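A.B. asks: give me a 3D structure for the following:
(one chain, ligands or ions: 1)
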Amino acid sequence: MKANVVTSRYVLPAVLQNVYQRPSLRLYTSPATQASSSSVQAKPLSEIPGLSSLPIIGPLHHFLPVVYRAEDPNPLRPGFESMVNYKTKDNMTVADGVFGLTILQGAQWRQFRTKVNPALLKPKLVKLYAPALEGIAKDMVERLTKLSYDYLENNFDVEMTKFSLESIGLVGLGSRLGALGDDMTDDHPARKLMKCAKDILQLSFKLEVGLSPWRYISTPTYRKLMRTVDTQWEVSKVFIGEARKQITERGHDIPEEEKSIIEKLLAIDEKVAISMANEMLLAGIDTVAFATTNLLYRLGTNPKAQDKLREEILSGDNNRRYLRACLKEALRLNPVVSANLRHTAKDHYVAGYHIPKGVDVVAPNEYLSKLEKYYPQPTEFIPERWLVEKTHPLYYGNAHPMVTLPFGFGVRSCIGRRIAELEIELLVATLVKDYLIRWEGPPLKIVTRIMNKMEKPYNFRFDRIN
Ligand code: HEM
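C.D. replies: Numbering: from 1, shown residues only. Alright, predicted model coming up:
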């Protein structure tokens, strides 16, 4: 019975902080452990020590590190239920009635994901966007270094979302959206998309925390979320329409590297293409902005790592191993989302306990990633840990592979990962090559939400060195 109640709730990151403090929380992911347990001896979920009396969410909610390895072929991820509710009950016309990956489940999710996987995840195909993205990185660096520090202190986040939107727009739709222009007023469509993405996250968080009267009556916050979902769709529909017009006018006979994601997907499935493009313009904004700012902050506060990175970039080494290690390390310390979620689609027997079908489980990856037992000097920014030999005490492989998962896990992991990494690496490489990044001020504050959030002021300084 308990399981049904759990299914109707979203796991709250704010609450997770309490959960994380519990010594009883361990990562049960070893296949050996799984195999050794059986349904005969298993204790029920309610007997898992320390998990039955969580504050705010009450005794009916139980959390366990997720049993990734025993995942269903169509893993279920809870969340964004208010949006699902709206699209299924109130307005089937949003995104032409086609849901995106974030909220699809089961076989429908699988069908959609199978169609879009190659275009978004194949490294060879994603790399083709590098030259165009490099152009955006250069424009962004020029912009960042001419804006005043007074302005950036309060608006660095806005500038980073302009960069991430412009980049994802280019990859997704094949054209520049104009987010980096000096003349971007509040009613510019790109600005509207940035605002919608932020508002959708904030409103979803509000609706899915604590009591949920919106399930029974339409509350003001629910209505506001719905209006925002509509606006996001209306605005992105215009950009998508323009992209399609351009494609039709110039024809399809162009080299593969010049084709945007939407163009590739239109050849497979029109509705999926439109829905994916729409979702990219939502999921690809704040995620990349946060991760980029986070990496710049770590470099600004770790001059030795920054020098080493600059050396790598100036050497012309295109593998960029150190840069990638820096990004991994920044995401280990401050991931965009603090935990990964799954909804069990079947019964699991783990470490002597029975986790029934139909409960939400959480892997508190941010917390785990900062434990000494997994990473020596866990709160230090040490990109080298991702590069040293197996025999070195810092070697990352001494941590369980499920501990640090900034892009999630398995077949349901982030579809935008490769694109995001490319965007971030190109911007950071372009900036570090010619500028010294400094952070002048107290440590950057990060607040836990559905997605982690940074607090102003942003004390970056960029000094030209080349
Ligand atoms: C640094 C940037 C990013 C981070 C850290 C990030 C992180 C994540 C995480 C943790 C998940 C959940 C995975 C899971 O449940 O196992 C996810 C899912 C997703 N991400 Fe990202 N993301 C980023 C950028 C992007 C971008 C640029 C896009 C646009 C294409 C995107 C689109 C999505 C979508 C559509 C899903 C749902 C996938 C599915 O359920 O099949 N993300 N992301």
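A.B. asks: CA only for contacts and neighbour counts going forward, please
C.D. replies: Fine.
A.B. asks: what stretches of the stretch 201-350 of the chain score poorly on pLDDT?
C.D. replies: The stretch 201-350 of the chain contains residues with pLDDT under 70 at 210.
A.B. asks: would you mind naming what in it lies close to the ligand?
C.D. replies: Residues of the stretch 201-350 of the chain lying close to the ligand (CA under 6 Å from any ligand atom) are 280, 283, 284, 287, 288, 291, 336, 337, 340.
A.B. asks: rerun at 5 Å
C.D. replies: 280, 283, 284, 287, 288, 336 (CA under 5 Å from any ligand atom).
A.B. asks: now a PyMOL select for only the buried ones of these.
C.D. replies: Selection of the buried residues among those in PyMOL, burial being defined by 16 or more other CA atoms under 10 Å:
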select buried, resi 280+283+284+287+288+336
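A.B. asks: could the residues of the stretch 201-350 of the chain next to the ligand go into TSV alongside distance to residue 212 and secondary structure?
C.D. replies: Converted to TSV, those look like this (distance: CA to CA, whole Å; DSSP: H, G, I helix; E, B strand; the rest coil):
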residue	distance to residue 212	secondary structure
280	28	helix
283	24	helix
284	28	coil
287	26	helix
288	30	helix
336	25	coil
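A.B. asks: looking at the stretch 201-350 of the chain, what residue ends up closest to the ligand?
C.D. replies: residue 284 (3.5 Å; CA to the nearest ligand atom).
A.B. asks: right, and that residue touches residue 166 too?
C.D. replies: No - judged on CA atoms under 8 Å, residue 284 makes no contact with residue 166 at a distance of 10.0 Å.
A.B. asks: measure the residue of the stretch 201-350 of the chain closest to the ligand to residue 253 for me?
C.D. replies: 28 Å (CA to CA, to the nearest Å).
A.B. asks: now do the buried residues in the lengthiest helix in the chain.
C.D. replies: Scanning the chain for the longest helix, with DSSP state H as the assignment, gives helix 220-250. Within helix 220-250, the residues scored as buried using 16+ other CA under 10 Å are 222, 225-226, 228-237, 239-240, 243-244, 247.
A.B. asks: any idea how far that helix is from the chain center?
C.D. replies: Offset of helix 220-250 from its chain centre (CA atoms, centre = their mean, to the nearest Å): 21 Å.
A.B. asks: now for it, which elements pack on it?
C.D. replies: helix 81-85, helix 149-173, helix 189-208, helix 270-283 (3 or more CA pairs under 8 Å, 6 or more residues apart in numbering; DSSP states H and E).
A.B. asks: ok, now with 6 Å
C.D. replies: If contacts are counted by 3 or more CA pairs under 6 Å, 6 or more residues apart in numbering; DSSP states H and E, helix 220-250 sits against helix 189-208.
A.B. asks: can you name every helix or strand that the helix it packs on contacts?
C.D. replies: Where contact means 3+ CA pairs under 6 Å, 6+ apart, helix 189-208 is packed against helix 220-250.
A.B. asks: once you drop chain neighbours, what's closest to the residue most central in space within the chain?
C.D. replies: Nearest to the geometric centre of the chain sits residue 287, at 4.8 Å (CA atoms, centre = their mean). In space, and not counting its chain neighbours, residue 287 is closest to residue 336: 6.2 Å by CA to CA, 6 or more residues apart in numbering.
A.B. asks: so the one you found is in contact with residue 452, correct?
C.D. replies: Yes - using CA atoms under 6 Å, residue 336 is in contact with residue 452, at 5.5 Å.
A.B. asks: show me where the stretch 301-450 of the chain has strands.
C.D. replies: For the stretch 301-450 of the chain, the strands defined by DSSP state E, counting those that start in this stretch occupy 340-343, 348-350, 353-355, 360-363, 435-439, 445-447.
A.B. asks: so in that sheet, which strands flank the fourth one, and in what orientation?
C.D. replies: This points to strand 360-363. Partner strands and pairing direction for strand 360-363 (DSSP bridges) are strand 340-343 (antiparallel).
A.B. asks: from the rest of the structure, what touches the partner strand?
C.D. replies: 76, 77, 78, 359, 360, 361, 362, 363 (CA atoms under 6 Å, 6 or more residues apart in numbering).
A.B. asks: give the contact list for residue 459.
C.D. replies: So residue 459 contacts 153, 439, 440, 441 (CA under 6 Å, 6+ apart).
A.B. asks: filter those down to the buried ones.
C.D. replies: Burial by neighbour count, judged by 16+ other CA under 10 Å, picks out residue 439 from the contacts of residue 459.
A.B. asks: of the contacts of residue 459, closest to the ligand?
C.D. replies: Using CA to the nearest ligand atom, the shortest approach to the ligand within the contacts of residue 459 belongs to residue 439, at 21.1 Å.
A.B. asks: which residues touch that closest one?
C.D. replies: When contacts are counted by CA under 6 Å, 6+ apart, residue 439 touches 300, 301, 459, 460.
A.B. asks: which parts of the stretch 1-150 of the chain are helices?
C.D. replies: With helices called from DSSP state H, counting those that start in this stretch, the stretch 1-150 of the chain shows them at 2-7, 13-20, 31-36, 81-85, 106-121, 123-127, 130-146, 149-173.
A.B. asks: include distance to the ligand when you put those into CSV, please.
C.D. replies: Output for the helices of the stretch 1-150 of the chain, formatted as CSV (distance: least, CA to the nearest ligand atom, whole Å):
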stretch, distance to the ligand
helix 2-7, 16
helix 13-20, 13
helix 31-36, 19
helix 81-85, 14
helix 106-121, 6
helix 123-127, 11
helix 130-146, 13
helix 149-173, 7
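A.B. asks: quick one: which of those is nearest residue 427?
C.D. replies: Nearest to residue 427, of all those, is helix 130-146, at 4.6 Å by CA to CA.
A.B. asks: so which elements touch the closest one?
C.D. replies: The elements that helix 130-146 packs onto, with contact taken as 3+ CA pairs under 6 Å, 6+ apart, are helix 417-434.
A.B. asks: list the contacts of the helix it packs on.
C.D. replies: 121, 134, 137, 141, 292, 310, 464, 465, 466.
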